[in-house]
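> I'd like to go over a predicted model; first the sequence, then the structure.
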Amino acid sequence: MEERKVLFSAIQPSGILTIGNYLGALRNFKKLQNDYDSIFSVADLHTLTVRQDPAVLRKNVYELAALYLACGIDPQKSILFVQSHVSAHAELTWILNTICYPGELSRMTQFKEKSKSHEDNINMGLMDYPVLMASDILLYQTDIVPVGADQKQHLELSRDIAIRFNNRFGDVFKVPDGYIPKTAARVMSLQEPSKKMSKSDANFNAFISMDDDPDTVRRKFKRAVTDSDNRIIFSEDKPGISNLLTIYSAVCDKTIEDAEKEFENCGYGDFKSKVGDAVAAVIEPIRQEKNKLLASKDYLDYVLKDGAYKAEKIAYKTLFKVYKKVGLVPRKR
Ligand code: TYM
C-alpha cells in the first residue's frame, strides 16, 4: 500500500480565534485529515513571544484544543497535541538556530510588524519565531502545511532551513510544501479592508470572533465598511465588498462568480445581512460544541495526552537523527 503523506499545521492559542483563522486554516483541516496523516498542534511556545497572562494562556490552550475538535478534527484520525508537551520542538530549534542568521530572521514581515506593535518587548523569541515554526514542521517529515497566506514567508524559510541542513549534514528532513487555500487565504478587516483581519485589532467591529453569538455576528456585518457605488462585484477597487463576497462564498462553499450572480440585484444592506446570516449559521454550532467540550476537561486532557504521546514518538526519531548527524554522542540507555 502506498504510504500516506504527512500534514502538519499549528495555531497559536493567543485568544479567541477569528473567522480569518477559521476560513484560512481550520476549516480546511477537517477535509484534509481524511487524505493525509495529519498532525495539529496548539503552538503555545510561539505565544510566549508576546507577553501573556499565565492564567489566561492556560485557559486559551484548552479553548483552542476544544475549537480544533469542534471544527471537526477527529482524534481517531489525526494527532492533536500541545507544542510544549513535546520537548523535541524546543530542542530542534536550538540546533536549527546554529544554521540560521539574524539577517534572514530580521527580514521577516511578521517580525517587523510585531516589533512595531510590541515596541517595549522586542525579545529574542520574537525574532526566532520562524525557526521554532520550522522545527514544528520538520520534526514530522511533513509533506504539506496548510496555512493562510500570511504564513507563506515563514514556510519558505522552513524549506530553506531544511535544504540547508540536508546539504550540510546529509538528508534528514523532507522539504515541505505549503497548502494555501484558493479562497479566503487572507480574510480582511471588516472596518479597514486593506488590513488583515486580526484578533488583536483594538476595534471589535473589525473582526468576527469564533465566540461571537449570532446577533453580534449580524451586527458586525451590518457595520462592515463598503463603498458608495452599490454594485456587488469582486474587484480590486472594492476591497470591502470583495472581502464580504470572499467570506460569503467560503462559508457557503460557492464560487465568487456564483455569489456575485446571487446578489446581482441586491442592495448593500440586504447583502450584508445575508452574509451575516450565513456566517452565523456556520459558526454558531461550532461555538456551542466548543463550549460543550470545554466543560469536559478530562476528555480534553485525555485527547491531548494521547496526542503528545503519538507526536513525541515521531518527533524524537527525527531529533535523534539530527543529533547524530551533527556529531552529538547519543546517551546510553
Ligand atoms: P496564527 O495562530 O496567527 O494563525 C493560525 C492560522 O490562521 C491563518 N490566518 C488567516 N487566514 C486567513 N485570513 C486571515 N485574516 C488569517 N489570520 C490568520 C494563519 O495563516 C494560520 O494558518 N506561526 C503560526 C502558527 C504555527 C504554525 C506552525 C503554522 C506555529 N508553528 C507550523 C504551520 C506550521 C501562526 O502564528 O498562525
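That came through fine.
> quick one: list the elements packing against the lowest-mean-pLDDT helix or strand in the chain.
Lowest mean confidence among the helices and strands of the chain (mean pLDDT, DSSP states H and E): helix 109-117, at a mean of 90. Counting contacts by 3 or more C-beta pairs under 8 Å, 6 or more residues apart in numbering; DSSP states H and E, helix 109-117 packs against helix 124-138, helix 152-169. Glycine gets a C-beta too; all of them are placed from N, C-alpha and C.
> tell me which of the ones you listed lies nearest to the ligand.
Nearest to the ligand, of all those, is helix 124-138, at 4.0 Å by C-beta to the nearest ligand atom.
> I'd like the average pLDDT over whichever helix or strand comes after the closest one.
Sequence-wise, the next helix or strand downstream of helix 124-138 (DSSP states H and E) is strand 144-146. What strand 144-146 shows for mean pLDDT is 98.
> check whether strand 144-146 contacts the ligand.
Yes: using C-beta under 6 Å from any ligand atom, strand 144-146 comes into contact with the ligand via residue 145.
> hmm, who's touching that strand?
Contacts to strand 144-146, defined as C-beta atoms under 8 Å, 6 or more residues apart in numbering, come from residues 5-9, 25, 28-29, 32, 36, 137, 151, 155, 158, 176-181.
> quick one, helices of the stretch 151-300 of the chain?
Per DSSP state H, counting those that start in this stretch, the stretch 151-300 of the chain carries helices over the ranges 152-169, 214-222, 239-252, 256-262, 268-294, 297-326.
> buried stuff in the fourth one?
The one in question is helix 256-262. 256, 259, 260, 262 (16 or more other C-beta atoms under 10 Å).
> hmm, residue 251 and residue 282 touching each other?
Yes: proximity of residue 282 to residue 251 meets the contact threshold set by C-beta atoms under 8 Å, at 4.7 Å.
> and residue 8, that's in a strand?
Yes: counting by DSSP: H, G, I helix; E, B strand; the rest coil, residue 8 is located in a strand.
> coming back round to it: tell me if the least confident helix or strand of the chain is near the ligand.
No: judged by C-beta under 6 Å from any ligand atom, helix 109-117 and the ligand are separated, with a smallest distance of 7.8 Å.
> the ligand contacts on the chain?
Residues of the chain lying near the ligand (C-beta under 6 Å from any ligand atom): 8-12, 20-21, 23-25, 43, 46, 133, 136-137, 145, 147-148, 150-151, 185-187, 196-197.
> residues contacting the residue in the stretch 1-150 of the chain that the ligand sits nearest to?
Of all residues in the stretch 1-150 of the chain, residue 24 sits closest to the ligand, at 1.9 Å by C-beta to the nearest ligand atom. Neighbouring residues of residue 24 by C-beta under 8 Å, 6+ apart: 147, 148, 149, 150, 181, 184, 185, 186, 187.
> of those, grab the buried ones for PyMOL.
Remark: buried members of those, expressed as a PyMOL selection using 16+ other C-beta under 10 Å:
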select buried, resi 147+148+150+181+184+185+186+187
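> what does stretch 107-126 contact?
Contacts for stretch 107-126 (C-beta under 8 Å, 6+ apart): 48-51, 105-106, 127, 129-130, 132, 150, 153-154, 157, 200.
> got the buried residues for it?
Of the residues in stretch 107-126, 108, 111, 114, 115, 125, 126 count as buried by neighbour count, 16+ other C-beta under 10 Å.
> stretch 136-151 too?
In stretch 136-151, counting by 16+ other C-beta under 10 Å, buried: 136-148, 150-151.
> then it to CSV, C-alphas only?
Below are the C-alpha coordinates for stretch 136-151, written out as CSV (Å, rounded to 0.1, in the frame of the first residue of the first chain):
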residue,chain,number,x,y,z
ASP,A,136,7.5,22.1,14.3
ILE,A,137,7.1,21.2,10.6
LEU,A,138,10.4,19.4,10.0
LEU,A,139,10.2,17.1,13.1
TYR,A,140,7.3,15.3,11.5
GLN,A,141,8.8,14.8,8.0
THR,A,142,5.9,16.9,6.7
ASP,A,143,4.8,16.9,3.1
ILE,A,144,2.2,19.7,3.3
VAL,A,145,1.5,22.6,5.6
PRO,A,146,-2.0,24.1,5.3
VAL,A,147,-1.9,27.8,6.3
GLY,A,148,-3.3,31.2,5.4
ALA,A,149,-1.3,33.5,3.1
ASP,A,150,0.3,35.4,6.0
GLN,A,151,2.5,32.4,6.8
